[in-house]
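**Q** Give me a model of this one.
(chains A and B)
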Number of protein chains: 2
Amino acid sequence: MIEVRRAKIGDGPFLMTTTTELGRSHGWADSMTATAAKLEAALFDVDPVIGACIALVEGQAAGSAIWHRSFSTRVGAEIMYLEDLVVLADFRRRGVAEALMKFVAKQAITAGYQKIFWLMMEWNSGARQFYEGIGAEIENGNCYCSLSGHALTEFAA
Amino acid sequence: MIEVRRAKIGDGPFLMTTTTELGRSHGWADSMTATAAKLEAALFDVDPVIGACIALVEGQAAGSAIWHRSFSTRVGAEIMYLEDLVVLADFRRRGVAEALMKFVAKQAITAGYQKIFWLMMEWNSGARQFYEGIGAEIENGNCYCSLSGHALTEFAA
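**A** You can find the predicted model right below:
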């Protein structure tokens, strides 16, 4: 019994749990500055850029997805970016990821988006298998570039 | 003489020129559905997710950058995504990209963002050299994944 619902007030700590789980598996948990309060504040902001949903397995929180507004100059329209999709270890191989992704896809269609995009690490063969299975297109050979902290302030000065 | 200013009404056709130039160099110009009118409408929407700036060299439009609101669950806050940064061929090697990037970095800081991120293709050695030179961190091994069109509607059904 998998149920997926929109995130609500009070879900911050669980979203922090799933985000931390993602950070652990991807090697950046130690550099996280997110907190449950920050995630919840962003979700219920006056003009939120993000949305989130929670998957429940027999009433227990099992995973989450967080997306945000995005835009493609190729499409010429707003599209959806899927920031995180996480299923906690105890709940894997039961269709939770697919249920989350279906909820996200329905949200995208309701919002009028023609496309959802997200990033995946090339080494993540489990994720690749799942995403290929649902009909996603996967393009290797991308670099994630960022400018932040001291490098950002220095460059902007 | 390089000047960078925010995009204004009437800049849609030039933004379409730079986007098309990017599409050509990256092999997706033929599948673009963007139009000058769509880009301009998105910029001046009631609640725009994107922002843009234009670089002028001796008064001539030479390049552009388009960014959008984004969010990082790792940071726990809104950050900036740089969708496009394009300098037209006739204006390269004069510091236009750096002027555009500095304008974008200042916008990010003004908006309170701690981070700008963007994608780059691994084969794009010119871009890599430029971004490394301004202090960006570059992570190889990413995949761009997307679900759109028939695959999206089919999956969501």
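**Q** Next, the contact list for residue A:36, please.
**A** Applying CB atoms under 8 Å, 6 or more residues apart in numbering or on different chains to residue A:36 gives the contacts A:12-13, A:15-16. The way it works is simple: take the backbone N, C-alpha and C, and place the C-beta from them, glycine included.
**Q** Just the buried ones from these, in PyMOL syntax?
**A** Selecting just the buried residues from these in PyMOL takes one command, with 16 or more other CB atoms under 10 Å in any protein chain shown as the test:
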select buried, chain A and resi 12+15+16
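**Q** Turn the contacts of residue A:36 into JSON lines, including distance to chain B.
**A** Formatted as JSON lines, those follow (distance: CB to the nearest CB, whole Å):
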{"residue": "A:12", "distance to chain B": "10"}
{"residue": "A:13", "distance to chain B": "13"}
{"residue": "A:15", "distance to chain B": "8"}
{"residue": "A:16", "distance to chain B": "9"}
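**Q** Select, from the contacts of residue A:36, the two members most distant in space.
**A** Longest distance between any two of those is 7.4 Å, between A:13 and A:15; criterion CB to CB.
**Q** Tell me the one of the contacts of residue A:36 nearest residue A:86?
**A** Of all the contacts of residue A:36, residue A:15 has the smallest distance to residue A:86: 9.2 Å, by CB to CB.
**Q** And for the spatially closest residue to the closest one that is not a sequence neighbour, the neighbour number?
**A** Nearest residue to residue A:15 in three dimensions, chain neighbours excluded: residue A:39, at 4.8 Å (CB to CB, 6 or more residues apart in numbering or on different chains). Residue A:39 is flanked by 26 other residues according to other CB atoms under 10 Å in any protein chain shown.
**Q** so who does the closest residue to residue A:149 other than its chain neighbours touch?
**A** Leaving aside its chain neighbours, residue A:149 sits nearest to residue B:114 (7.1 Å; criterion: CB to CB, 6+ apart). Taking CB under 8 Å, 6+ apart, we find residue B:114 in contact with A:148-149, A:152, B:75, B:77, B:79.
**Q** What ranges in chain A fall below the confidence cut-off?
**A** Nowhere does chain A drop to pLDDT under 70.
**Q** need the helices for it, in chain order.
**A** Secondary structure of chain A by DSSP state H: the helices cover A:12-26, A:36-43, A:96-110, A:125-133, A:149-156.
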